[in-house]
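Q: take a look and give me a structure for this.
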Amino acid sequence: MEGSTVTTSLAQQLKTVPVFADLSEEDLAWLAARMRLDHYSPGEIIVEEGSPADRMWIILEGETRGQRENAIGDGRTYSARAPHVTGMLPYSRLTHVPLTIRAMTPAVIASLAASYFPEMLERLPALGPRLVGVLADRIRETTRTDQQREKLTALGKLSAGIAHELNNPAAAVRNAAINLQQAVRALRTAGLHLDQREMSAEDRTFLARIECDWSKDHPPTALDSLERSDREEGIGDWLESRGVPDARKLAPDLVDAGCDLEALRGLSARFDDGTLADVITRLTASFTLNRLVEQIESGTSRIADLVRAIKQYSYMDQSPEQEIDVHEGLENTLIMLHYRLKRGVEVLREYDRSIPRICARGSELNQ
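A: Numbers count the residues shown, from 1 in each chain. Here you go, the predicted model:
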């Protein structure tokens, strides 16, 4: 009598599940009589991953969540809330449960062994297409989740690459700004010392002209490490022989500016050793100042180019669908992926500029 009451109650509960809602009382009773009814507390394991997939579960009350707990997983979770049909379904190729399923709330779950499937489909043929539909929905949802995860993963990698690309020029600008303060301080100190010396207007004009025209007349040249080391050592020795303070510290900056011993000897022929020390200190600070300003300009230009590319790549603040230039999209995408094009990758561009603008979703096309 008690078993009959339980079966009747379960049959009524099955009627709340859309898949079984229009079955007759007799058919519902037939299903209920072959099902197992279980009650679970929050956190209790319903089935462990790796277990044989041999039962169809009908969640009548509560909510469940599945995730990998016994093996390395990707952190994904799958939730199901009553009323819901899941687990092993007819025509499914599932052999083992891939996740550990736990009850998130107090749950009531009915289950039907897969061994009853042939009899169930023969007795209730209408259930076949419905359960296939449930299976198809599950596949679509899993595929959609996987695709979304792939997009998020790609976005994460892209964001990390962009952050790296922004960090390099930002760090260069910051270091240049710090060194700029020291160069300005050295320039002012050397200028003060020169103002205290008796110098002709012609000599002061000579120094000013060097400061203005040096970078134009002495473009930077590439030096290998050995050449650079030899030049720094030679200039450092020469400065020390003339009593210039911080000679070894000034030498690398002079080499960076393209200064050589010939230019320094020209200065020594014009100024005495005391004045020469202040002159070289001032010129070194001036050369360094110009170089740091160029570094700041280069770094900020790179940051601006990246920000512009990001805005154009994502079509920020623009209509999703509009007329776009495919070539600009390609260029912006290459800028966004520059961090992946540094290791032996050469990009050959072959554009047909006669291609007209097209109407498309620019952000999606770039992605």
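Q: looking at this, Ile59 is in a strand?
A: Yes: under DSSP: H, G, I helix; E, B strand; the rest coil, Ile59 sits within a strand.
Q: residues in contact with Val134?
A: Taking CB atoms under 8 Å, 6 or more residues apart in numbering as the criterion, Val134 is in contact with Val19, Val85, Leu89. Bear in mind the C-beta positions are built from the backbone N, C-alpha and C, glycine included.
Q: what is the host helix or strand of Thr205 packed up against?
A: Using DSSP states H and E, Thr205 sits within helix 201-217. Helices and strands touching helix 201-217, by 3 or more CB pairs under 8 Å, 6 or more residues apart in numbering; DSSP states H and E, are helix 273-314.
Q: the helix it packs on packs against which elements?
A: Using 3+ CB pairs under 8 Å, 6+ apart: helix 273-314 touches helix 127-195, helix 201-217, helix 247-256, helix 261-268, helix 326-336, helix 362-366.
Q: can you do 7 Å?
A: helix 127-195, helix 201-217, helix 247-256, helix 261-268, helix 326-336 (3 or more CB pairs under 7 Å, 6 or more residues apart in numbering; DSSP states H and E).
Q: what angle do helix 326-336 and that helix make with each other?
A: 120 degrees (axes from the mean of the first three to the mean of the last three CA atoms, to 10 degrees).
Q: give the next helix or strand downstream of helix 273-314.
A: Counting by DSSP H and E, what follows helix 273-314 is strand 321-324.
Q: in three-state terms, label the nearest residue to Ile58 once chain neighbours are set aside for me.
A: Excluding its sequence neighbours, the residue lying closest to Ile58 (CB to CB, 6 or more residues apart in numbering) is Ala110, at 4.5 Å. Following three-state DSSP, we place Ala110 in the strand state.
Q: any idea how this structure splits into domains?
A: What the TED database lists as the domains of the chain is 2-124, 162-300, 320-366.
Q: so Gly87 sits against Trp57, correct?
A: Yes: with contact defined as CB atoms under 7 Å, Gly87 reaches Trp57; the gap is 3.9 Å.
Q: circling back to that earlier point, by neighbour count, which of the contacts of Val134 wins?
A: Val85 (22 neighbours; other CB atoms under 10 Å).
Q: pLDDT score assigned to it?
A: If you check Val85, the pLDDT there is 87.
Q: tell me the SS of it?
A: From three-state DSSP, the assignment for Val85 is strand.
Q: is it in a bridge, and if so with what?
A: Beta bridges link Val85 to Ile58 when assigned by DSSP bridges.
Q: quick one: it from Thr105, how far?
A: 18 Å (CB to CB, to the nearest Å).
Q: then Gly156?
A: For Gly156 relative to Thr105 (CB to CB), the value is 32 Å.
Q: the more surrounded of these two?
A: Thr105 (15 against 10).
Q: my read is the more buried one is in a strand, agree?
A: No: the assignment for Thr105, made by three-state DSSP, is coil rather than a strand.
Q: surely it and Gly62 touch.
A: Yes: with contact defined as CB under 7 Å, Thr105 reaches Gly62; the gap is 4.4 Å.
Q: who touches the residue nearest the centre of the chain in this structure?
A: Nearest to the mean C-alpha position of the chain, by CA atoms, centre = their mean, lies Ser159 at 2.2 Å. Ser159 makes no contacts at all, as judged by CB atoms under 7 Å, 6 or more residues apart in numbering.
Q: who's the residue nearest to Tyr40 when sequence neighbours are not counted bridged to?
A: Spatial nearest neighbour of Tyr40, excluding adjacent residues (CB to CB, 6+ apart): Ala103 at 3.8 Å. Following DSSP bridges, Ala103 is listed with bridge partners Thr64.
Q: Ala103 - how many residues pack around it?
A: 23.
Q: what sits against it?
A: Contacts of Ala103 by CB under 7 Å, 6+ apart are Tyr40, Ser41, Pro42, Gly43, Glu44, Ile46, Gly62, Thr64.
Q: neighbours around the residue nearest to Ser215 when sequence neighbours are not counted, how many?
A: Of all residues not flanking Ser215 in the chain, Asn290 sits nearest, at 5.5 Å (CB to CB, 6+ apart). For Asn290, the neighbour count with other CB under 10 Å is 16.
Q: Thr288 touches Gln182, doesn't it?
A: No: in this structure Thr288 lies outside contact range of Gln182 using CB under 7 Å: 8.5 Å.
Q: higher neighbour count, those two?
A: It is Thr288, of Thr288 and Gln182, that has more neighbours when counted by other CB under 10 Å, with 23 against 12.
Q: need the pLDDT of the more buried one.
A: Residue-level pLDDT assigned to Thr288 equals 84.
Q: likewise for Pro356?
A: pLDDT at Pro356 comes out at 83.
Q: what's around it, how many residues?
A: 7.
Q: please renumber so the chain begins at 534
A: Done: numbering now begins at 534, and the last item shifts to Pro889.
Q: which ones are touching it?
A: Per CB under 7 Å, 6+ apart, neighbours of Pro889: none.
Q: any idea whether it is helix, strand or coil?
A: Once three-state DSSP is applied, Pro889 turns out coil.
Q: state the distance from it to Leu863.
A: 15 Å.
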